[in-house]
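give me a 3D structure for the following:
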Amino acid sequence: MGLKPEFIEYLNTRSSSGLPEVWQAPVEVLRKNLENRALQSGEPEKIYEVTHRYIPGPSADLPIRIYRPVKGPVLPALVFFHGGGWVLNNLDSYEQAMRSLANKGQFVIVAVNYQKAPELAFPTPLDDCYATLLWVAENAEKLGIDLAQIGVGGDSAGGNLAAGVALKARDTSDINLAFQLLIYPCTDNRMKYDSAYNNAVGYGLSTQSMEWFWKQYLAKKSDLKNPYAVPALAKDFRNLAPAIITTAEFDPLLDDGYNYANELRKSGVQTVYREFEGVIHGYFTLAGITPEANHLHEQLADDINALLGR
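Next up, the predicted model:
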């Protein structure tokens, strides 16, 4: 099918805005240009409780938000890492998406504002995300979270971080993850797949932009082959947490998620893969633009709960 009408309008407005591409402006300008992103995310829906706090990270205190849909019961938890090419975005632009997903799934979400590249490139963002997961596990009882039902997730670069965290959790045996949620993830910096050519320009995220983001994140040559930074390069995918992987039809990263799902399946990892038609990269947080965002939240909530046996 073709691109849904609301995305055509959204992309036309974005194209006519005159904003620079990511490689054309200083990072501080790029970040400032995204200050209205929260409006595109939609009006935050009501939820029982949102707690803002800081937790100790490996190199700095980390801002987190804890979304609890209901009072009382011990619930599963999703530790969420936001997208933005490891460079952009913050928790504000994810407020509606986090509330929506927590409400629909009836689980707790803990979202972290990890430190960003290029100022702090790999492994700092990954280390921050992993430390957040361990903090949630260590404080599960206080947080009213079921230690046996904790998963990780993220969209785009956050999906990369979630995949890297899942690999590290398996390798260290620090925690037995219940699931990993990868929303149009970027797991392969080589990008030698058809969608990187077929969807290279005209759909929001461009292949050139994604290549620029990768360069900001992978500052050292050795990082290019580190599977925690580039999960597709892992030599062994066995015994990873069950995965839910979603992709968008008009996204340069379409084949990335598809290929990663295939690698997991071939290694015996329980994997749910869904490609959504007529949509673009980034729509998880575009509830102010399209009803497809909430449809995605509903599907993700259902898939997580199915894996958890709820």
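
C-alpha from now on. contacts and neighbour counts both.
Noted.

buried stuff in stretch 53-72?
Buried residues in stretch 53-72, defined by neighbour count with 16 or more other C-alpha atoms under 10 Å: Gly57, Leu62, Pro63, Ile64, Arg65, Ile66, Tyr67, Arg68, Pro69, Val70.

stretch 73-93 too?
Neighbour-count burial for stretch 73-93, counted by 16+ other C-alpha under 10 Å, picks out 74-93.

among the residues you listed, name the ones in strands.
Using DSSP state E, the subset of the buried residues of stretch 73-93 located in strands is Leu75, Pro76, Ala77, Leu78, Val79, Phe80, Phe81.

make TSV out of the residues you listed and add pLDDT.
Output for those, formatted as TSV (pLDDT from 0 to 100):
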residue	pLDDT
Leu75	98
Pro76	98
Ala77	98
Leu78	98
Val79	99
Phe80	99
Phe81	98
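
nearest to Gly282, of these?
Within those, distances to Gly282 taken as C-alpha to C-alpha reach their minimum at Phe81, with 13.8 Å.

who is that closest one paired with across the strands?
Val112, Gly154 (DSSP bridges).

so where's the stretch 201-310 of the chain uncertain?
Scanning the stretch 201-310 of the chain for pLDDT under 70 picks out no residues.

where do the strands sit along it?
243-250, 271-280 (DSSP state E, counting those that start in this stretch).

next, the angle strand 271-280 makes with the shortest one.
Taking axes from the mean of the first three to the mean of the last three C-alpha atoms, to 10 degrees, one finds strand 243-250 and strand 271-280 inclined to each other by 20 degrees.

what helices or strands is strand 243-250 leaning on?
Counting by 3 or more C-alpha pairs under 8 Å, 6 or more residues apart in numbering; DSSP states H and E, the packing neighbours recorded for strand 243-250 are strand 180-183, helix 254-266, strand 271-280, helix 292-308.

just those: most buried one?
Of all these, strand 180-183 has the most neighbours on average by mean count of other C-alpha atoms under 10 Å, namely a mean of 28.

direction included, what does that strand pair up with?
Using DSSP bridges, the strands paired with strand 180-183 are strand 145-155 (parallel), strand 243-250 (parallel).

ok, residues contacting that strand?
Contacts with strand 180-183, where a contact means C-alpha atoms under 8 Å, 6 or more residues apart in numbering, come from 151-156, 158-160, 162-163, 166, 241-247, 257.

can you do 6 Å?
Contact with strand 180-183 is made by Gly151, Val152, Gly153, Gly154, Asp155, Gly159, Ala243, Ile244, Ile245, Thr246, as judged by C-alpha atoms under 6 Å, 6 or more residues apart in numbering.
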